[in-house]
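Student: Below is the sequence, then the predicted model.
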Amino acid sequence: MGLKIEHVTKKYGSFSAVDDLTLEIPEKRMFGLLGGNGAGKTTTFRMVLGLLSPTEGKITWNNAAIDYSKSHIVGYLPEERGLYPKLKVRDQLVYLGRLRGMDKKAILVQMEKWLDRFRVPEYANKRVEELSKGNQQKIQFIAAVIHKPELLILDEPFSGLDPVNVELLKEAVIELNQNGTTIVFSSHRMEHVEELCDQLCILHKGKPVVQGGLREVKRSFGKKNVIVKAD
Ligand code: ATP
């Protein structure tokens, strides 16, 4: 059970953005995908989300192809944040929650819970363009989790955030995971992954270089010629 990525390759012409990647992420775990620029993290996530088709291999959730029409399965925080700048935060989240099949009341309850949690209840009435990049990221995170997905994919969730907001977001991620959400997130930085994940994979030029438990990966990490750049 959980997310299985089996011998997945994504080719653009003769170039492999992801090259024979196999990962097994059990349900309710927190898993880190670590790699520098161009390692293939976003491409992997887009295939899991059904936005790109693998050239080879298959991806399953709980042993079945992912049914994207079921709104509760996957939540996604994309690397390129994509909110509507002119919409108020409330309208933005209502719109995105409705796309997830939620009713307005349930969306507003979740929105209030999360805005309180991020200590910004007053943002409900602000337009997205009035918020800093870091605060827009928090709203995008709320949009990714508002429908309580089983599997949450976070592409570089901590980049561009100040340390206080990194901590707030980490606490939220830990709590979601403790409540049963399976979480996969990407990062350039080992420190985020080692703090949050017990399992990880280091990708380099589309290939998995090392994967497994934190201790074994760290042990072999130093021996391999892998470049993981800081943000
Ligand atoms: P970053 O941290 O910079 O976002 P990443 O690990 O997410 O990197 P990807 O965005 O998955 O990396 O890209 C992997 C490789 O595939 C890169 O070399 C990228 O240039 C290439 N690539 C991605 N999309 C395409 C495309 N549509 N056509 C050709 N090459 C692509």
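Tutor: In hand now; what should we look at? Here the structure is a predicted model, which is why all the values come from computation and not from measurement.
Student: the helices in the protein, which residues?
Tutor: With DSSP state H, the ranges of helices along the chain come out as 41-48, 89-99, 104-117, 133-145, 163-178, 190-196, 214-221.
Student: Figure out how far the fourth one is from the centre of its chain.
Tutor: Offset of helix 133-145 from its chain centre (C-alpha atoms, centre = their mean, to the nearest Å): 12 Å.
Student: Low-confidence stretches in the protein?
Tutor: 81, 221-231 (pLDDT under 70).
Student: middle-most residue in it, spatially?
Tutor: Centroid-nearest residue in the chain: Leu154, 1.2 Å away (criterion: C-alpha atoms, centre = their mean).
Student: how far away is that one from Arg127?
Tutor: Going from Leu154 to Arg127 by C-beta to C-beta, to the nearest Å gives 25 Å. All C-beta spots, glycine's among them, are computed from the backbone N, C-alpha and C.
Student: ok so, going back, got a markdown table for the helices of the chain, with distance to Val184 too?
Tutor: Formatted as a markdown table, these follow (distance: least, C-beta to C-beta, whole Å):
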| stretch | distance to Val184 |
| --- | --- |
| helix 41-48 | 8 |
| helix 89-99 | 20 |
| helix 104-117 | 20 |
| helix 133-145 | 12 |
| helix 163-178 | 11 |
| helix 190-196 | 11 |
| helix 214-221 | 15 |
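Student: Which of the ones you listed sits closest to the ligand?
Tutor: Nearest of the helices of the chain to the ligand, taken as C-beta to the nearest ligand atom: helix 41-48 at 3.2 Å.
Student: Centre of the chain to the closest one, how far?
Tutor: On C-alpha atoms, centre = their mean, the centre of helix 41-48 falls 10 Å from that of its chain.
Student: swap in stretch 34-44?
Tutor: The answer for stretch 34-44 is 12 Å, by C-alpha atoms, centre = their mean.
Student: Against the ligand - does it have any residue that ends up touching it?
Tutor: Yes. Stretch 34-44 lies within reach of the ligand by C-beta under 6 Å from any ligand atom, at Gly35, Asn37, Gly38, Ala39, Gly40, Lys41, Thr42, Thr43.
Student: So how do I select the buried members of those in ChimeraX?
Tutor: Entered in ChimeraX, the line below selects the buried ones among the residues of stretch 34-44 next to the ligand, by 16 or more other C-beta atoms under 10 Å:
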select :35,39,40,41,42,43
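Student: Widest-spaced pair of the residues of stretch 34-44 next to the ligand?
Tutor: Farthest apart among the residues of stretch 34-44 next to the ligand by C-beta to C-beta are Asn37 and Thr43. That separation is 12.4 Å.
Student: Could you find the closest non-adjacent residue to Glu79?
Tutor: The spatial neighbour of Glu79 that comes closest, neighbours along the chain excluded (C-beta to C-beta, 6 or more residues apart in numbering), is Asp155 at 4.1 Å.
Student: so what's that neighbour up against?
Tutor: Lys41, Thr42, Phe45, Tyr76, Leu77, Pro78, Glu79, Phe185, Ser186 (C-beta atoms under 8 Å, 6 or more residues apart in numbering).
Student: same thing but 6 Å
Tutor: Residues in contact with Asp155, defined by C-beta atoms under 6 Å, 6 or more residues apart in numbering, are Thr42, Phe45, Pro78, Glu79, Ser186.
Student: So which residues on the chain come close to the ligand?
Tutor: Counting by C-beta under 6 Å from any ligand atom, the positions of the chain adjacent to the ligand are Tyr12, Ala17, Gly35, Asn37, Gly38, Ala39, Gly40, Lys41, Thr42, Thr43, Glu79.
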